[in-house]
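*Asks:* take this sequence and fold it.
(one chain, ligands or ions: 1)
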Amino acid sequence: MSHKRFPDPFWKANRLFQSTAAEREIKSEAAIMDDFAYKIISERRRDTDNAEKLGPDLLSRFLDCKDPKDVPSTKELRDIVMNFLLAGRDTTACALSWTMYELAKNPEVVAKIIAEVDAVCGSSKSDKISEESYSYDKIGELKYTHAVAMEALRLHPSVPVDSKFAVNADTLPDGTFINPGAVISYSPYAMGRSEELWGKDALEFKPERMMDEEGNNLEPSQYKYSAFNGGYRICLGKGLALMEIKLTLAVLLQRFDFEGCGHEGGYQSTLVLPMDPGLDMKVRKYV
Ligand code: HEM
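*Replies:* Model (predicted):
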């Protein structure tokens, strides 16, 4: 809903006077998210009384400071939780939906992922399989699955358009002059589908393009592959997001068969790139 502020020059006044339905909705939804964040924080704060109970989660890491004066205030912690929720939740969820959409159309890619996961983590049918089989290091070895996630994000970047606001006058490398206050937008969506950048088969889903001939992952330039932004403000959660996607694919694809129900690839227009309508799939557990 907050994206409705972008084209509205009066959004600050509308926020102050709560004069539009969008601003009223933002206020009530922000209150729900605040309550959620404060609830998690107070639960973790109770755990700090018993240091052994502090888990490995991010919030516990912020609370687990040797010097109590270094522990962030409750409001700072609320902002940290909100940052992770806003930056990391819908982006990763959209990426997973679009990955499943591409996989439903490319069963040979699913077979390759399962073969890789079986080889690296062990077969899900084996007695030896445990949480450790999907450890951080093991997931890091899933090179083909990594390429699948990168390729899905090339075609369906969770942030399809990103904008920057010039504080001072500047000149871009191609000589374009930027006035102070100007808004510059770039589109990872258009860049990801550009034949100039990716070749004639730019619209095809081909995880192999993210790998070299020896099967190692290629790291395309951030200025060609811009799904995670680039430079100093590159996404801080890139590694976490790719790890989450790989782990989810590894655990689910070994155990369930996913059949797409004919989604036509439509989008909703929001800050991120959700599917319109959502993705229906038939899911069957392998016996
Ligand atoms: C597939 C998933 C994700 C995608 C495609 C993605 C994409 C992006 C993009 C394009 C930006 C730049 C936004 C801007 O220009 O201001 C960004 C920033 C950021 N992302 Fe992500 N993100 C993902 C997941 C995550 C996750 C899981 C986290 C953390 C839990 C995260 C944390 C951040 C943070 C903190 C920033 C701000 C960095 C800064 O401004 O210095 N992201 N992300």
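
*Asks:* can you show me the strands along this structure?
*Replies:* 162-165, 170-171, 177-178, 183-186, 256-260, 281-285 (DSSP state E).

*Asks:* if we look at the fourth one, which residues are touching it?
*Replies:* Identification of contacts with strand 183-186 by CB atoms under 8 Å, 6 or more residues apart in numbering yields 161-166, 178, 226. C-beta here means a position set from N, CA and C on the backbone, and glycine is covered the same way.

*Asks:* for the ligand, what's its nearest residue on the stretch 151-287 of the chain.
*Replies:* Relative to the ligand, the nearest point of the stretch 151-287 of the chain is residue 237 (2.0 Å; CB to the nearest ligand atom).

*Asks:* can you tell me the closest non-neighbouring residue to that residue?
*Replies:* residue 88 (4.9 Å; CB to CB, 6 or more residues apart in numbering).

*Asks:* pLDDT weak spots in this protein?
*Replies:* Where the chain drops to pLDDT under 70, the residues are 49-53.

*Asks:* contact residues of it facing the ligand?
*Replies:* Residues of the chain lying near the ligand by CB under 6 Å from any ligand atom: 83-84, 87-88, 91-92, 95, 153, 157-159, 162, 227-229, 233, 235-237, 240-241.

*Asks:* which among those residues end up buried?
*Replies:* With burial judged by 16 or more other CB atoms under 10 Å, the buried subset of the residues of the chain next to the ligand is 84, 88, 91-92, 95, 153, 157-159, 162, 227-229, 235, 237, 241.

*Asks:* contacting residues for the residue in the stretch 1-150 of the chain positioned nearest to the ligand?
*Replies:* Among the residues of the stretch 1-150 of the chain, residue 88 lies closest to the ligand, at 2.9 Å counting by CB to the nearest ligand atom. Applying CB under 8 Å, 6+ apart to residue 88 gives the contacts 237, 240-241.

*Asks:* so residue 251 is in contact with residue 134, correct?
*Replies:* Yes: here residue 251 reaches residue 134: they are 6.3 Å apart, a contact under CB atoms under 8 Å.

*Asks:* before we move on, back to that, just checking, the residue of the stretch 151-287 of the chain closest to the ligand touches residue 86?
*Replies:* No: if you go by CB under 8 Å, residue 237 and residue 86 don't touch, sitting 10.9 Å apart.

*Asks:* check contacts around residue 122.
*Replies:* 128-129, 133.

*Asks:* what's the angle between the top helix by length along the chain and strand 256-260?
*Replies:* Counting by DSSP state H, the longest helix found in the chain is helix 74-105. If you take axes from the mean of the first three to the mean of the last three CA atoms, to 10 degrees, helix 74-105 sits at 80 degrees to strand 256-260.

*Asks:* buried residues, helix 74-105. List them.
*Replies:* 77-78, 80-81, 84, 88, 90-92, 94-104.

*Asks:* quick check: the most centrally placed residue in the chain vs residue 120, distance?
*Replies:* The centre of the chain sits closest to residue 92, judged by CA atoms, centre = their mean, with a distance of 2.9 Å. Counting by CB to CB, to the nearest Å, the gap from residue 92 to residue 120 is 22 Å.

*Asks:* near residue 68, how many other residues are there?
*Replies:* Neighbour count of residue 68, defined by other CB atoms under 10 Å: 8.

*Asks:* whoops, residue 140 was the one
*Replies:* Here the count is done by other CB under 10 Å, and residue 140 has 14 residues near it.

*Asks:* now do residue 287
*Replies:* When neighbours are counted by other CB under 10 Å, residue 287 comes out with 4.

*Asks:* can you check residue 66 too?
*Replies:* Neighbours of residue 66 (other CB under 10 Å): 6.

*Asks:* kindly report the same for residue 145.
*Replies:* Residue 145 has 26 nearby residues by other CB under 10 Å.

*Asks:* now do residue 273
*Replies:* 24.

*Asks:* returning to what we had before: of residue 251 and residue 134, which one has the most company?
*Replies:* residue 134 (19 against 16).

*Asks:* distance of that one from residue 229?
*Replies:* Counting by CB to CB, the gap from residue 134 to residue 229 is 28 Å.

*Asks:* let me see the contact set for residue 225.
*Replies:* Applying CB under 8 Å, 6+ apart, the residues contacting residue 225 are 150, 154, 191-192.

*Asks:* apply 7 Å and report the result again.
*Replies:* Residues near residue 225 by CB atoms under 7 Å, 6 or more residues apart in numbering: residue 154.

*Asks:* and the helices in the stretch 101-250 of the chain, which stretches?
*Replies:* Ranges of helices in the stretch 101-250 of the chain, per DSSP state H, counting those that start in this stretch, are 107-121, 136-140, 143-155, 188-192, 195-198, 238-255.
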